[in-house]
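K.L.:
attaching a predicted model along with its sequence, questions to come.
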Amino acid sequence: MKDVRVRFAPSPTGYLHIGGLRTAVYNYLYARQHDGKFLLRIEDTDRTRFVEGAIENLIRSLNWSGIEIDEGVVLRDGEVAQVGDKGPYIQSERLEIYRKYVDQLIESGHAYHCFCSKERLDALREEQKIKGQVPRYDGLCRSISPEEAQKRIDAGEEYVIRLKLPHDRDISFEDEARGTITINTNEMDDQVLMKSDGFPTYHLAVVVDDHLMDITHVIRGEEWLPSTPKHVYLYEAFGWEPPTYIHLPGVLNKDHKKLSKRQGDVSVEDFRGHGYLPEGLVNYLALVGWSPEDNQEIFSMDELIEAFDTSRIARTGGVFDVKKLDWVNSHYMKELSREELLEMALPYLAEAGLLTEEEAKKDPERYLILMDTIQEGLDRLEQVPEACDFLYGEYKVEEEAALEQLKSESAPAVVDALKEILEGMDEITFEDAQGLMKKVQKASGVKGKNLYMPARAAMTGNVHGPELSNIIYLLGKDEILDRLEKAKAYM
Ligand code: GLU
């Protein structure tokens, strides 16, 4: 058995689509499960789509997600670098290689020069459309002899190089997730392999590279499934062994359409910005299009590596459900230490203008307690500022239930006792805060719900929220006294 080698081969469009991340994740899981290698190859032969900084962005997103690149394009000290002995791994640096192999195909009669103009091809397509036919090249240049072709090239005519498919032949291949797939060449087009600018098309480059880079398994999106017979034929034409194919179902939106940028967030960066944790995003994405044998839903990367099974990849698209993602992510939010949570939350608090890093450094314990206080209810980091509203928000009583509490029979006694006790204290330490409500109970003679609900309403304006003793500590003496005065206005 050959050593497993898989590749993720994105085009550098500027961002990593979450569907792309899922493809990368499945490749990575497969590589790790089989002690194989995970390669990153950059497919940038479509120069019209070139975006500055796109490769760096892509790799940063992969790294953030916990995917380690064994070979190919990597970042070293923030700079794009390449590792491995089968490079270059950036297609635009491999043009000579493609030229050599396409010449080989012409030589062996598997490819030909095509001189058809854009106008002719457009007209042909129009005509076929009107006749209700599938637009396809009609093979006009197939019969041009190599000598004549050379003459026309020498005369400066523009040309592309096309694959010369045999007529009426079944091309079959095994897809590990979908079984045997067979297509007749009469249904296929004489694919352009090399464009007039000397750049290969995706189809030529992908076959040449996968072969030269010893790729054993091609795991990619199902949008490439219709192209696979062409690739399989190219392997035959070169006399090479094709890899094993595994095509993945799409990642769909709620309307079962492809997730697209127009409808909102699709890039890994977007989700990172919303404060999803890499563990949560990867865990959830792995479940869109694959399911384990049991109903387990929470998986660390190591557990995914263990459980992943290509025969359990779905055949139909999986819906990307943000609610489910939130649920999975909340699991990882709860697993963070309060130190980790504070570090990750600070950019969001700073952005909201609530807390700067310097301020947090002055009294770390206080902010760690704040993290303890809010952690339970968080699905993602973006929610941190709102979760801190009890502390930073303006005091107001809007909830009907809170108003009722302030107007309840026990409220005046509770508020008076609170006020008196606080006035007799210096600043409230964390320990003081733990015992404070007991003291209020003693002084007011009120206990249970009748004590806690009005007290909470008076201090926060709400009847629900995080642990009251933490709130007391975090608000501090002066702020609570201030709020008690304001609460009185509602009583
Ligand atoms: N460059 C292609 C893409 O952007 C790669 C397809 C493949 O994996 O063969 O999806």
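P.N.:
On my side now, so go ahead.

K.L.:
flag the shaky bits of the protein, pLDDT-wise.
P.N.:
For the chain, residues meeting the criterion pLDDT under 70 lie at 49.

K.L.:
what does it put close to the ligand?
P.N.:
Residues of the chain lying close to the ligand by Cβ under 6 Å from any ligand atom are Ala9, Pro10, Ser11, Glu43, Val206, Arg220, Trp224. All C-beta spots, glycine's among them, are computed from the backbone N, C-alpha and C.

K.L.:
and which of those residues is nearest Gly66?
P.N.:
Pro10 (17.1 Å; Cβ to Cβ).

K.L.:
burial measure for that closest one, as a count.
P.N.:
Using other Cβ atoms under 10 Å, Pro10 has 21 other residues around it.

K.L.:
OK, contacts around whichever residue of the stretch 201-350 of the chain sits closest to the ligand?
P.N.:
Closest approach between the stretch 201-350 of the chain and the ligand, counting by Cβ to the nearest ligand atom: Arg220, at 3.4 Å. When contacts are counted by Cβ atoms under 8 Å, 6 or more residues apart in numbering, Arg220 touches Ala9, Thr23, Ile246, His247, Leu248.

K.L.:
could you pull up phi and psi at the last one?
P.N.:
The phi and psi values for Leu248, taken as degrees, to the nearest 10, are phi -100, psi 140.

K.L.:
can you tell me how far it is from Asp175?
P.N.:
10 Å (Cβ to Cβ, to the nearest Å).

K.L.:
and the two? which has more neighbours close in?
P.N.:
Neighbour totals were compared for Leu248 and Asp175, and Leu248 leads with 27 against 19 (other Cβ under 10 Å).

K.L.:
now for the more buried one: which residues touch it?
P.N.:
With Cβ under 8 Å, 6+ apart, Leu248 has these contacts: Arg22, Thr23, Tyr26, Ala177, Ile219, Arg220, Gly221, Glu222, Gly289, Ile313.

K.L.:
where along the stretch 101-250 of the chain do the helices fall?
P.N.:
118-130, 146-154, 202-212, 228-238 (DSSP state H, counting those that start in this stretch).

K.L.:
which of those sits most buried?
P.N.:
Highest mean neighbour count of these: helix 202-212, a mean of 22 (counted as mean count of other Cβ atoms under 10 Å).

K.L.:
give me the residues contacting that helix.
P.N.:
Residues contacting helix 202-212 (Cβ under 8 Å, 6+ apart): 7, 9, 41, 43, 45-46, 86, 91, 94, 97-98, 101-102, 163, 191, 193-194, 200, 215, 218, 227, 230-231, 234-235, 238, 240, 243.

K.L.:
what about 6 Å?
P.N.:
Thr45, Gln91, Tyr98, Tyr101, Gln191, Leu193, Lys230, His231, Leu234, Trp240, Pro243 (Cβ atoms under 6 Å, 6 or more residues apart in numbering).

K.L.:
distance of the fourth one relative to the ligand?
P.N.:
Here Tyr101 is placed at a distance of 17 Å from the ligand (Cβ to the nearest ligand atom, to the nearest Å).

K.L.:
sorry, back to before: and of the helices of the stretch 101-250 of the chain, who's closest to Met459?
P.N.:
Closest among these, using Cβ to Cβ: helix 202-212, at 62.8 Å.

K.L.:
just to revisit the earlier point, could I get the residues of the chain next to the ligand as a markdown table with distance to Ala81?
P.N.:
What follows is those, written out as a markdown table (distance: Cβ to Cβ, whole Å):
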| residue | distance to Ala81 |
| --- | --- |
| Ala9 | 18 |
| Pro10 | 17 |
| Ser11 | 20 |
| Glu43 | 18 |
| Val206 | 23 |
| Arg220 | 25 |
| Trp224 | 28 |
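
K.L.:
filter these down to the ones in strands?
P.N.:
Taking DSSP state E, the ones among the residues of the chain next to the ligand that sit in strands are Arg220.

K.L.:
just the residues of the chain next to the ligand now: which is nearest Ala487?
P.N.:
Ala487 lies nearest to Pro10 out of these, by Cβ to Cβ, at 56.9 Å.

K.L.:
any idea what sits nearest that closest one, other than its immediate chain neighbours?
P.N.:
Spatially, and ignoring its direct neighbours in sequence, Pro10 is nearest to Gly20 (5.6 Å; Cβ to Cβ, 6 or more residues apart in numbering).

K.L.:
in a helix, the one you found, correct?
P.N.:
Yes: counting by DSSP: H, G, I helix; E, B strand; the rest coil, Gly20 is located in a helix.

K.L.:
mind listing what's buried along stretch 52-64?
P.N.:
Ala54, Ile55, Asn57, Leu58, Ile59, Arg60, Ser61, Leu62, Trp64 (16 or more other Cβ atoms under 10 Å).

K.L.:
for the third one, give me phi and psi.
P.N.:
In this entry, Asn57 is assigned phi and psi values of phi -60, psi -50 (degrees, to the nearest 10).

K.L.:
in a helix, that's where Val74 is, yeah?
P.N.:
No: Val74 is assigned strand when assessed by three-state DSSP, not a helix.

K.L.:
longest helix of the chain?
P.N.:
Ranked by residue count under DSSP state H, the longest helix found in the chain is helix 468-488.

K.L.:
which other helices and strands does that helix contact?
P.N.:
helix 411-423, helix 430-444, helix 449-460 (3 or more Cβ pairs under 6 Å, 6 or more residues apart in numbering; DSSP states H and E).

K.L.:
same for the last one, what does it pack against?
P.N.:
Contact analysis of helix 449-460 by 3+ Cβ pairs under 6 Å, 6+ apart lists helix 400-406, helix 411-423, helix 468-488 as its packing neighbours.

K.L.:
Leu39 contacts Val73, correct?
P.N.:
No: using Cβ atoms under 6 Å, Leu39 makes no contact with Val73, being 8.6 Å away.

K.L.:
higher neighbour count, those two?
P.N.:
Leu39 (27 against 23).

K.L.:
ok, Thr356 - contacts?
P.N.:
Counted by Cβ under 6 Å, 6+ apart, Thr356 has contacts Ala350.

K.L.:
for it, grab phi and psi.
P.N.:
Residue torsions, per degrees, to the nearest 10, at Thr356 are phi -100, psi 170.

K.L.:
what separation do you get for it and the ligand?
P.N.:
41 Å.
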